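> structural data only, the sequence is not supplied:
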Ligand code: HDD
């Protein structure tokens, strides 16, 4: 309703982009760095949340009030007409402006990422907590020497990119897919890239299989169909022949693969990493990002419709939220365990298809990340940001997970392909804030001007600078793990159990979540032409997770349901409620949820004002939707301006719906198919609906199954709130219904929408 789209409940401190370096935007620090020929911040200088932005200020360009020039600074008099031999004659080669403009254009595109091509990103900071509860450890220094994790007053700048995996750069956001969650920490000891996903396990166990996985899931090679979808023969062919994929498949068929927003999903480092302290002692660690807003999902029918209505749904909503002052926040948590603990688990911690269940090792929050700054330029920042799991800082190290080990090669290699140069780290968004000096001085597009004659070591000409740093003074030292073994191309026997955790995941789902997984499997496999692939999925994989599950899938895809459980089906009935989106919900905030209000002339302004102000006080964002843009007039002569008309507002773009009373308004809505469809679809997607007074007539007209409707006292029936005599009470009940997000008990199959 408000012009700025929102009423932020809490604004983070302003993040000034311009520094006090005058019109050039140069800070004193960057000037002195420039003078000394250095880029970055020396380790003696403090890094704070603004350090990266200040560094970027050096390369920002602002055309405001400026004259058009060539790339080489020559002012241009005409950029519309090429230079010709006579008014109607051919274009002349000497037209340097035409040549430059066209060449730049012809070379604008760079290769898209081979996976994770579609994404968006934002700047922010990371800050360790004052007194994290680390269980048996007193503070983080006992676990790691990473300096950015030590001081709760220090904010380290970060840039995070979220992505889908399979689709190309222009594909839709809301497809069924894993989401990438990659964060670059610009620490004072160099960049640390935590390149994770929103699902804590992976499809395969060895990086060697990655090209096969990606070839199978990408569009098929002959016709390049389908885009951004796993629902086709080649993917399920591969999956059905790789039982280790089963656990990941369970997650991908669940709501985890349909996040409501990037701001509302967890992130995971996936692999086991190591933390190493000053003494050189190491513990294993799993990294977890937990969103401050609940983890929430969309529903499948909704995601497909959004993909058409607004393919930029997730990208736009992250951008809008930050611009409106709602800086999204995540907690960084760690699961800490040592070699002895690892030996006790019934799985191998080096196997990336396994989680360390939170029932075994709790997640201990150690700090928070806040994303509070949108990029200025998508290409320069989001497209050119380049992550590499091999970017670690002292105190963080790798494990021998064979998937991680392979990634340590692949990311450097892929950046060479994307940027055509080993100097991709010099691109501003990738450049560390920490100072850097070495003897790499050449290559395509070298930016730095390194002074001095000696670009080798050892040297006497330059006093042997730049010097190596001993480990105890901050030099990176790899953890001295003792390794013995034969050279062998094999898979460890400890990686062989593919079904126990897949079953744990299935057991941990609520009934509606189980139904969603069954429906998703039916959808995906119904798109598979080859019967033998469908059969293998049911008999070889699903029937080894849970017999009932396998039968339910089989029934929907023309496969004969298995009579017995699979030979390898584990019999355990372990559960972990943290794996279920619904079970882990805190359900008390409606902050940033988008609510549509359907009105026409003659609406009840008391209803509208009371409900809207309650919702906005709780941090929700409200949009008035009417048949056309312009003002709607209330019974009492008040007016409200429609933010959206039915031409652009669809129920799938909102989290909940409110229909105020007012006889004339509701009579008009009853004439509008769009309004009735809005109600039916909101119901079908299990979202909260509220209708006050005569507004309930619109609900009655849609004939919602198994819903109790009242037009006097407030009644809340599976997320459908009706009544309105006591408006305050009514509005509060609606807030509670929105906080639950989706009302899974509904059975909306008979609602046509
Ligand atoms: Fe990867 C990109 C996450 C396995 C090879 N990966 C990429 C991105 C994310 C992940 C978030 C996008 C980064 C960005 O926003 O620019 N990848 C993962 C996770 C994995 C994983 C969590 C398993 C735990 N990846 C993986 C393997 C390999 C790769 C096993 C190859 C051996 N990934 C790549 C890549 C990409 C990439 C081809 C494409 C673009 C890029 O690296 O920068 O190198």
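Structure received. Model, not experiment: these values are computed from the prediction.
> list the contacts of stretch 201-210.
Residues from elsewhere that reach stretch 201-210 (CB atoms under 8 Å, 6 or more residues apart in numbering): 213, 242, 244-245, 247-249, 251, 270, 351-355, 402-407, 409-410, 491, 495, 501. In this view, the C-beta of every residue, glycine as well, is placed from N, C-alpha and C.
> gap between the nearest residue to residue 296 once chain neighbours are set aside and the ligand?
Leaving aside its sequence neighbours, residue 296 sits nearest to residue 260 (CB to CB, 6 or more residues apart in numbering; 3.8 Å). Residue 260 sits 19 Å away from the ligand, going by CB to the nearest ligand atom, to the nearest Å.
> for residue 260, which residues are in contact?
Contacts of residue 260 (CB under 8 Å, 6+ apart): 296, 297, 298, 655, 741.
> one more time with 6 Å
Applying CB atoms under 6 Å, 6 or more residues apart in numbering, we find residue 260 in contact with 296, 297, 298.
> same check, this time on residue 321
residue 592.
> next, it: secondary structure please.
helix (DSSP: H, G, I helix; E, B strand; the rest coil).
> state the distance from it to residue 579.
Counting by CB to CB, to the nearest Å, the gap from residue 321 to residue 579 is 27 Å.
> so which helix or strand takes in residue 455?
Using DSSP states H and E, residue 455 falls within no helix or strand.
> so where's this protein uncertain?
Across the chain, the ranges flagged by pLDDT under 70 are 1-45, 587.
> residue 408 - how many residues pack around it?
Residue 408 has 15 neighbours, counted by other CB atoms under 10 Å.
> quick one, what contacts it?
residue 390.
> now it: how far from residue 77?
For residue 408, the distance to residue 77 - CB to CB - is 53 Å.
> what residues of stretch 602-622 count as buried?
For stretch 602-622, a neighbour-count test (16 or more other CB atoms under 10 Å) marks 602-608, 610-612, 614-616, 618-622 as buried.
> brain fart, stretch 87-106
Residues of stretch 87-106 classed as buried: 97, 98, 101 (neighbour count, 16+ other CB under 10 Å).
> identify each buried residue in stretch 231-243, please.
231, 232, 234, 235, 236, 237, 238, 239, 240, 242, 243.
> try stretch 695-705
The neighbour-count check on stretch 695-705 (16+ other CB under 10 Å) flags 695, 696, 697, 698, 699, 702, 704 as buried.
> cool, stretch 334-345 as well?
Buried, per 16+ other CB under 10 Å, within stretch 334-345: 334, 335, 336, 337, 341, 342.
> can you give me the helices in the stretch 401-550 of the chain?
Taking DSSP state H, counting those that start in this stretch as the test, the helices found in the stretch 401-550 of the chain are 402-419, 500-508, 511-526, 531-536, 547-556.
> tabulate these (CSV), appending distance to residue 563.
Formatted as CSV, the helices of the stretch 401-550 of the chain follow (distance: least, CB to CB, whole Å):
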stretch, distance to residue 563
helix 402-419, 36
helix 500-508, 19
helix 511-526, 19
helix 531-536, 14
helix 547-556, 9
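> and these, which is most packed in?
With neighbours defined as mean count of other CB atoms under 10 Å, the helices of the stretch 401-550 of the chain peak in mean count at helix 500-508, which reaches a mean of 23.
> chain center to it: distance?
Taking CA atoms, centre = their mean, to the nearest Å, one finds the center of helix 500-508 at 24 Å from the center of the full chain.
> now stretch 173-180
On CA atoms, centre = their mean, the centre of stretch 173-180 falls 9 Å from that of its chain.
> check stretch 516-526 too.
23 Å.
> what does this structure have sitting close to the ligand?
113-116, 119, 161, 163, 180, 182, 195-197, 202, 207, 210, 270-271, 352, 386-387, 403, 406-407, 410-411, 414 (CB under 6 Å from any ligand atom).
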